[in-house]
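Asks: only geometry, no sequence info:
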């Protein structure tokens, strides 16, 4: 509300000061250009400064003389955008980038500091999945990460349960490797700044705090969805996500409350670093049960999550760019 009031004030001030000397059309163009510029919507929240990012990272491996580093550039002047119609064949891309079957990669010329599993819930978003995969591998490799990507697809038996698919992804990933850090992300979000390191911090991190659809503004400080990073210990202490949120909405707010109940404080990188581009997609119909699930959530923190997770793997494949798991939840 405060942001809206400030915008209205700017509009009135500009109009009053300049309307008498400029044409109406020119005045409107100047005002809208000023107000709609992304910088005017920079969120005001506590964040990790660019120069402190490395100190706040939770390293997976001890530093060595040949440890990989990511060059943080706080003066970065442009954002990256995905190619909307990628043409390269997945097999050819995997071969060119040295990606192992199942979407695995780590640098060979230096010692990685971060070991990461990226968990993506999925259903009926093939175009977005293709765009995401073609974009994210070069992005992650530029950060010299030891990573593997998991796509968890839900069978069509029930309504989509994004949170439970995150839990399934976590459970399946821990079966194949002792991952230190987990990124839980939607495939319609594309990170735009290479300084946004895809690894964990000392506290759970909200990675996508500046999304273009919100004009790169954080709508509210309790938002903890889109793309988040937690260490294995952090995720287990929170008992993972709730398993009851079938349909759209509510699971992110429930998870944020879980973290608060465990004494965690959410961290973020600056608005200029944590910038994401959202791929266009059809909006889902909100679930009517989300409010009741949120209201009763605190009673289930210890009993509803990875502690009581039940699912059935129907199929799994090591595809060229990711590990694919089809699950009945």
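Replies: Sure, I can see it. Keep in mind the model is a prediction, meaning the values are calculated, not measured.
Asks: what's stretch 299-319 in contact with?
Replies: For stretch 299-319, the surrounding residues in contact (CB atoms under 8 Å, 6 or more residues apart in numbering) are 90, 101-103, 151, 155, 164, 167-168, 170-172, 235-236, 238-244, 258, 261, 323-329. Every residue, glycine included, has its C-beta placed from N, CA and C.
Asks: buried only: go through the residues you listed for me.
Replies: Among those, the ones that count as buried by 16 or more other CB atoms under 10 Å are 90, 102-103, 151, 164, 167-168, 170-172, 235, 238-244, 258, 323-327, 329.
Asks: please flag which of those sit within helices.
Replies: 90, 164, 167, 168, 170, 171, 172, 235, 258 (DSSP state H).
Asks: need those in TSV with distance to residue 82 and pLDDT, can you?
Replies: As requested, these are exported to TSV (distance: CB to CB, whole Å; pLDDT from 0 to 100):
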residue	distance to residue 82	pLDDT
90	16	97
164	28	98
167	28	98
168	26	98
170	26	98
171	29	98
172	27	98
235	28	98
258	32	97
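Asks: of these, closest to residue 66?
Replies: residue 235 (30.0 Å; CB to CB).
Asks: residue contacts, the closest one?
Replies: Residue 235 makes contact with 170, 182, 306, according to CB under 8 Å, 6+ apart.
Asks: and of those, the nearest to residue 293?
Replies: Once CB to CB is applied, the member of the contacts of residue 235 that ends up nearest residue 293 is residue 306, at 17.2 Å.
Asks: so what's the backbone phi/psi at the closest one?
Replies: phi -70, psi -20 (degrees, to the nearest 10).
Asks: nearest residue to it other than its sequence neighbours?
Replies: Of all residues not flanking residue 306 in the chain, residue 240 sits nearest, at 3.6 Å (CB to CB, 6 or more residues apart in numbering).
Asks: residue 169 now?
Replies: In space, residue 169 is closest to residue 119, 3.5 Å off (CB to CB, 6+ apart).
Asks: can you report phi and psi for that neighbour?
Replies: Backbone torsions for residue 119, taken as degrees, to the nearest 10, come to phi -110, psi 120.
Asks: distance of residue 244 relative to residue 185?
Replies: As defined by CB to CB, to the nearest Å, residue 244 lies at a distance of 21 Å from residue 185.
Asks: meant to ask about residue 131, not that
Replies: Residue 131 is 14 Å from residue 185, by CB to CB.
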